[in-house]
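In: Build the 3D model from these lines:
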Amino acid sequence: MSDKTTTAEQVVSRLRSGMTLGIGGWGSRRKPMALVRALLRSDVTDLTIVSYGGPDVGMLAAAGRVRKLVTPFVTLDSIPLEPHYRAARERGAFDLMEIDEAMFMWGLHAAANRLPFLPVRAGIGSDVMRVNPGLRTVTSPYDDGETFVAMPALRLDAALVHVNRADRQGNGQYLGPDPYFDDLFCEAADTAYVSCERIVDTAELTKEAAPQTLLIKRHTVSGVVEAPGGAHFTSCAPDYARDEHVQREYATTPWEDFRARFLDGDEQAYQSAVQAWHKEQP
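Out: Predicted coordinates for the structure are as follows:
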């Protein structure tokens, strides 16, 4: 079996401006932030981002990389409103398709199964239909005659996700309480890239955890990046909790100042900046 290990920079070199990019995780939990940081250091732009949004969306929006966002929410969890996303949205920096969480999930399911759409009850009777006039409904062909939203497939050119462990072939394992639909992001994409806290031998993946934790299958993965701390400052349970100190710094600092302090330079420079900032705290 092929060795798919690569680097964050090599992953980003395979991305192109104008792509539709799915980003896994949920809010400020297990986001592939090392890959997002590498993306911010590139010149890739004009992206359609598909995400259960957190600081991944906020950073890319603040940096002017987003043309359109498809999301059910954008939040930092412990800070309900993502301030950099909000500021970009208020100045009309990108188009927005805001949908129900279940609609979003079924859009990924449709793409993963190579279907043009899936019928869903979510959205009926809500403002989702008003703010998304392009959405259509379908009527059941059976005796019930029920009307559903025809949720279009959220087909992705590429997906970025972060998990706790992976092997060199692309099997990915989560050890926390929730899979966050990362498997659907990979299955819905033409190419998918997985970063992980640690690359291990395949046999080790099930040595101390159940087979059900093998969330991501190798046939859906194009590249694997070993990135310890790769979800920082979001959480990656049980390996580490969210770094609330750095998240607050991110949320309360003008974007260009935060970027200059933490994101200018390579990933090693980022980790050094975080450590230095923590030492400054009382």
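In: can you pull the contacts of the closest residue to residue 53 other than its chain neighbours?
Out: Nearest residue to residue 53 in three dimensions, chain neighbours excluded: residue 74, at 3.4 Å (Cβ to Cβ, 6 or more residues apart in numbering). All C-beta atoms are positioned from the backbone trio N, CA, C, and that covers glycine. Neighbour list for residue 74: 51, 53-54, 57-58, 82, 85-86 [criterion: Cβ atoms under 8 Å, 6 or more residues apart in numbering].
In: In the stretch 151-282 of the chain, where is pLDDT below threshold?
Out: The model of the stretch 151-282 of the chain has no residue with pLDDT under 70.
In: can you give me the helices for it?
Out: 182-187, 244-252, 255-258, 267-280 (DSSP state H, counting those that start in this stretch).
In: The longest one packs against which elements?
Out: Contacts of helix 267-280 with other secondary structure elements, assessed using 3 or more Cβ pairs under 8 Å, 6 or more residues apart in numbering; DSSP states H and E, are made with helix 33-40, helix 244-252.
In: quick one: contacts of the first one?
Out: In other words, helix 33-40. The contact list for helix 33-40, computed with Cβ under 8 Å, 6+ apart, reads 8-9, 11-12, 15, 23, 55-56, 59-60, 63, 65, 160, 162, 193, 195, 225, 227, 229-234, 259, 263, 267, 270.
In: Repeat that for the last one.
Out: With contact meaning Cβ under 8 Å, 6+ apart, helix 244-252 is reached by 28, 55, 58, 76, 78-79, 82-84, 232-234, 258, 262, 274, 277-278, 281.
In: could you redo the last one with a cut-off of 7 Å?
Out: 28, 55, 76, 78-79, 83, 233, 258, 274, 277-278, 281 (Cβ atoms under 7 Å, 6 or more residues apart in numbering).
In: Pull out the buried members of those residues.
Out: 28, 55, 76, 79, 83, 233, 258, 274 (16 or more other Cβ atoms under 10 Å).
In: Which single one of those residues is nearest to residue 213?
Out: residue 28 (21.9 Å; Cβ to Cβ).
In: Go ahead and confirm the closest one touches residue 76.
Out: Yes: with contact defined as Cβ atoms under 7 Å, residue 28 and residue 76 form a contacting pair (4.6 Å).
In: Overlap of the contact sets of those two?
Out: In contact with both residue 28 and residue 76: 54-55, 247, using Cβ under 7 Å, 6+ apart.
In: Dump these into JSON lines; add distance to residue 205 as well.
Out: Below are the shared contacts of residue 28 and residue 76 laid out as JSON lines (distance: Cβ to Cβ, whole Å):
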{"residue": "54", "distance to residue 205": "26"}
{"residue": "55", "distance to residue 205": "28"}
{"residue": "247", "distance to residue 205": "30"}
